[in-house]
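Participant: Need coordinates for the following:
(one chain, ligands or ions: 1)
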Amino acid sequence: MNRIRLYRSEAIVLRRHEVGEADRILTLYTPDRGKLAAIAKGVRRISSRKSGHVELFTHVAVLLAAGRNLDVLTQAETIEPFRGIRDDLIRTTYAYHVAELTDRLTVDASPLPAAFWLLRDTLAALSTADDPSLAARYFEVRLLGLLGFRPQLFTCVACGKTVDPDGNAFSPDLGGVVCPACAPGHREAVPLGERAFRVLRFLQTREWAMVQRVALEPATRGALERLMQAYVRHILERDLHSVSFLRGLRRVGGTFETPSSVRVGGSAD
Ligand SMILES: [Zn+2]
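Facilitator: Just a heads-up that it's a prediction; the model follows:
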């Protein structure tokens, strides 16, 4: 007879979808096991004591039973509900965005503890920050860095020269800034104004405690969003085959809860 193997973990709930009459499959991001899927049985019954503890975007402590295909959630306790996110539609939209990015850019069972803590800190920032867009951009720049896609912002990706802050462009294909001399040869590159360039470098090199004090002008906010959206889209499209394969596997058995209006890089306004 097989013995049931139980393990504890902290987790952030990235995604949930309904299966059968009362069950739910959760996509969890954990510090030591990376992303994993777990089934929560009976959580949609009104009498279930577990139901309140597996809300989206919450930081939870879970007890899981290892299964052959899916692990089974046996206990869950909320560590941090991030209520500020739930109370505000704009913040909720940003939380969907960072959760979806984590889901799409990572693969199962590939632990990266720093990404867990970044996600957790970003949800905390999203629930209270004056400008949640800044927290989202900070998350994107940092997560991409952790995953090996750190935007190159100090030397030109085409010629290697150190760049000045003004007159550059950003190439999603090459993953960094292109200097004014090289820009004509890189028509795919997006113009990068001095202010957006400086903010981007600030996001990459300073901690959130500093970053949260930046006051973004609407034009810079828009420029940074479009730039990061283009870069993330490029990375995802390059990995399209593996990503769509993984998504296809997960889609078996139910539909996603994530609203179709929320896409990677989607704006909250
Ligand atoms: Zn150059």
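
Participant: which strands and helices sit next to the lengthiest strand in the chain?
Facilitator: Looking across the chain with DSSP state E, the single longest strand is strand 6-19. Other elements packing on strand 6-19 under the criterion 3 or more Cβ pairs under 8 Å, 6 or more residues apart in numbering; DSSP states H and E are strand 23-30, strand 59-65, helix 89-105, helix 113-128. For the C-beta atoms, the positions are set from N, CA and C on the backbone; glycine is no exception.

Participant: list the buried ones in it?
Facilitator: Neighbour-count burial for strand 6-19 flags 9-19 (criterion: 16 or more other Cβ atoms under 10 Å).

Participant: Just send those residues back as CSV, with distance to the ion too.
Facilitator: As requested, the buried residues of strand 6-19 are arranged in CSV below (distance: Cβ to the ion, whole Å):
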residue, distance to the ion
S9, 46
E10, 44
A11, 44
I12, 39
V13, 44
L14, 38
R15, 41
R16, 46
H17, 46
E18, 51
V19, 52
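
Participant: need these in a markdown table with pLDDT, can you?
Facilitator: Formatted as a markdown table, the buried residues of strand 6-19 follow (pLDDT from 0 to 100):
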| residue | pLDDT |
| --- | --- |
| S9 | 97 |
| E10 | 98 |
| A11 | 98 |
| I12 | 98 |
| V13 | 97 |
| L14 | 97 |
| R15 | 95 |
| R16 | 93 |
| H17 | 91 |
| E18 | 91 |
| V19 | 91 |
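
Participant: Helices of the protein, start to end?
Facilitator: 83-86, 89-105, 113-128, 132-146, 194-205, 208-211, 218-238, 240-251 (DSSP state H).

Participant: count of residues packed around the residue of the stretch 1-150 of the chain found nearest the ion?
Facilitator: Using Cβ to the ion, R150 is the residue of the stretch 1-150 of the chain that sits closest to the ion, at 18.3 Å. By the measure other Cβ atoms under 10 Å, the count of residues near R150 is 14.

Participant: so who does it touch?
Facilitator: By Cβ atoms under 8 Å, 6 or more residues apart in numbering, the contact set of R150 is 144, 175, 204.

Participant: ditto for C159
Facilitator: So C159 contacts 179, 181-182 (Cβ under 8 Å, 6+ apart).

Participant: One more pass at 6 Å, please.
Facilitator: Taking Cβ atoms under 6 Å, 6 or more residues apart in numbering, we find C159 in contact with C182.

Participant: what about it, distance to the ion?
Facilitator: Per Cβ to the ion, to the nearest Å, C159 is found 3 Å from the ion.

Participant: I figured A40 was touching V72, is that so?
Facilitator: No: look at A40 against V72 with Cβ atoms under 6 Å: they stay out of range, at 8.0 Å.

Participant: how many neighbours does P184 have?
Facilitator: Neighbours around P184, by other Cβ under 10 Å: 10.

Participant: Likewise for the one 3 residues further on?
Facilitator: The number of residues packed near R187 is 8, by other Cβ under 10 Å.

Participant: got it, and F197?
Facilitator: Neighbour count for F197, taken as other Cβ under 10 Å: 24.

Participant: Spatially nearest residue to it (excluding sequence neighbours)?
Facilitator: Counting by Cβ to Cβ, 6 or more residues apart in numbering, F197 lies nearest to P165, which is 5.2 Å off, once chain neighbours are set aside.

Participant: A196 is in contact with that neighbour, correct?
Facilitator: No: between P165 and A196 there is no contact under Cβ under 6 Å: 9.8 Å.

Participant: Please say which of the two ends up with more neighbours.
Facilitator: Neighbour tally, P165 and A196, criterion other Cβ under 10 Å: the higher count belongs to A196, 24 against 15.

Participant: show me the contacts for that one.
Facilitator: By Cβ under 6 Å, 6+ apart, the residues touching A196 are 220, 223-224.
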